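# what follows is a predicted protein model with its sequence.
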Amino acid sequence: MLKKILQFSLPGGLLVALLAGLFASPSAFANPIQTTFTGVEGTSAFGYYIGPYYGQLESSNVSLFCDDFANEVNFGQIWMANLSKITTGSDLSQTRYGDVQGADRLYQEIAWLDTQFAKQDKAQWGDIHATIWQIFDPSQAPVPSSPYWASQALQNYASVNYEDFRVVTNVGPVLKSGQVQEFLTRLPADSPLMNSPAATNTPEPATALLMGSVLFLSATGLKVLHGRRNAKSSGKVKVMA
């Protein structure tokens, strides 16, 4: 996969000043959240890394649990994401699978399965993660060796309080494939993101004006450079030889 890097050249540090104003503004992109994929735990199955992955939401380090076999992520990739709660009756319209019947229950089953990575022997992780991927992509995802974990999730998902779980989905329009893969994360109780308002894809007017200024003033200095990534995934994080 080729990484596209935008380079701007503006006189007198004007671009720096504009960007500083954009990101220093309290209302600028309070939501969505800048998300960074930083690494993996290292356990693998089916040719892919499984179990918890690692990332950042703004400056907070978090564990990320992939629920999405159909999309891709790269090590070091940065993107803007919406955070959606999964408690019963929550608005899942900004998630990838919120239109699936019973989506809140299915996300809760996935979250329950995510909690098992810390409790179960790693020999079970392959079947646990395959069960997670099967929930939303049964035709393409690896198949677990038995339906045991699917049965356990169905029986036990209601035993967990999901108030601190969030779905991390790239900003819309959200498509089923061809975008950044979706994750679940569990926020620390003291995380400022716990009380983050419902995410919106529309920046505040002042933010939009600053963004427009950056794009207009930099138009004559735009360059696109290409460099090959050393590690990529295919709908999950693939083990590279």
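Right, received. Where do you want to start? Numbering: from 1, shown residues only.
# point out where this protein drops to low pLDDT.
For the chain, the stretches with pLDDT under 70 are 1-30, 196-241.
# quick one: the strands in it, in order.
Listed in chain order, the strands of the chain (DSSP state E) span residues 2-7, 33-40, 44-45, 48-49, 53-57, 60-66, 78-85, 165-170, 183-186, 223-228.
# single out the most deeply packed of those.
Among the strands of the chain, strand 165-170 has the highest mean neighbour count (mean count of other CB atoms under 10 Å), at a mean of 26. Bear in mind the C-beta positions are built from the backbone N, C-alpha and C, glycine included.
# could you say what helices and strands it packs with?
Judged by 3 or more CB pairs under 8 Å, 6 or more residues apart in numbering; DSSP states H and E, the packing partners of strand 165-170 are strand 78-85, helix 103-115, strand 183-186.
# JSON lines for these, including distance to residue 57?
Formatted as JSON lines, the helices and strands packed on strand 165-170 follow (distance: least, CB to CB, whole Å):
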{"stretch": "strand 78-85", "distance to residue 57": "8"}
{"stretch": "helix 103-115", "distance to residue 57": "16"}
{"stretch": "strand 183-186", "distance to residue 57": "7"}
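# show the contacting residues for residue 167.
Counting by CB atoms under 8 Å, 6 or more residues apart in numbering, residue 167 makes contact with 67, 83, 84, 85, 86, 92, 95, 107, 182, 183, 184.
# and the residues you listed, which is closest to residue 77?
residue 183 (12.0 Å; CB to CB).
# the closest one against residue 63, yeah?
No: contact criterion CB atoms under 8 Å: residue 183 and residue 63 do not qualify, at 9.1 Å.
# name the residues contacting each of those two.
53, 55.
# return stretch 124-132 as PDB; C-alpha atoms alone will do.
Only the C-alpha atoms of stretch 124-132 are listed here, as PDB (Å, rounded to 0.1, in the frame of the first residue of the first chain):
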ATOM      1  CA  GLN A 124      -8.000 -20.000  23.300                       C
ATOM      2  CA  TRP A 125      -7.400 -16.600  21.700                       C
ATOM      3  CA  GLY A 126      -7.600 -17.900  18.100                       C
ATOM      4  CA  ASP A 127     -11.100 -19.300  18.600                       C
ATOM      5  CA  ILE A 128     -12.200 -16.200  20.600                       C
ATOM      6  CA  HIS A 129     -11.100 -13.800  17.900                       C
ATOM      7  CA  ALA A 130     -12.500 -15.900  15.000                       C
ATOM      8  CA  THR A 131     -15.800 -15.900  16.900                       C
ATOM      9  CA  ILE A 132     -15.700 -12.100  17.100                       C
END
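# using a markdown table, please lay out the strands of the chain together with distance to residue 124.
Listed next are those as a markdown table, based on distance: least, CB to CB, whole Å:
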| stretch | distance to residue 124 |
| --- | --- |
| strand 2-7 | 35 |
| strand 33-40 | 18 |
| strand 44-45 | 10 |
| strand 48-49 | 16 |
| strand 53-57 | 18 |
| strand 60-66 | 15 |
| strand 78-85 | 28 |
| strand 165-170 | 21 |
| strand 183-186 | 18 |
| strand 223-228 | 36 |
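# would you mind telling me which of the ones you listed is nearest residue 146?
strand 44-45 (14.3 Å).
# the closest one pairs with which strands, parallel or anti?
Here strand 44-45 is paired, per DSSP bridges, with strand 48-49 (antiparallel).
# re the thing from before, pipe the contacts of residue 167 into JSON lines and attach distance to residue 154 per row.
Shown next, in JSON lines, are those (distance: CB to CB, whole Å):
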{"residue": "67", "distance to residue 154": "16"}
{"residue": "83", "distance to residue 154": "26"}
{"residue": "84", "distance to residue 154": "22"}
{"residue": "85", "distance to residue 154": "21"}
{"residue": "86", "distance to residue 154": "16"}
{"residue": "92", "distance to residue 154": "19"}
{"residue": "95", "distance to residue 154": "20"}
{"residue": "107", "distance to residue 154": "13"}
{"residue": "182", "distance to residue 154": "21"}
{"residue": "183", "distance to residue 154": "22"}
{"residue": "184", "distance to residue 154": "17"}
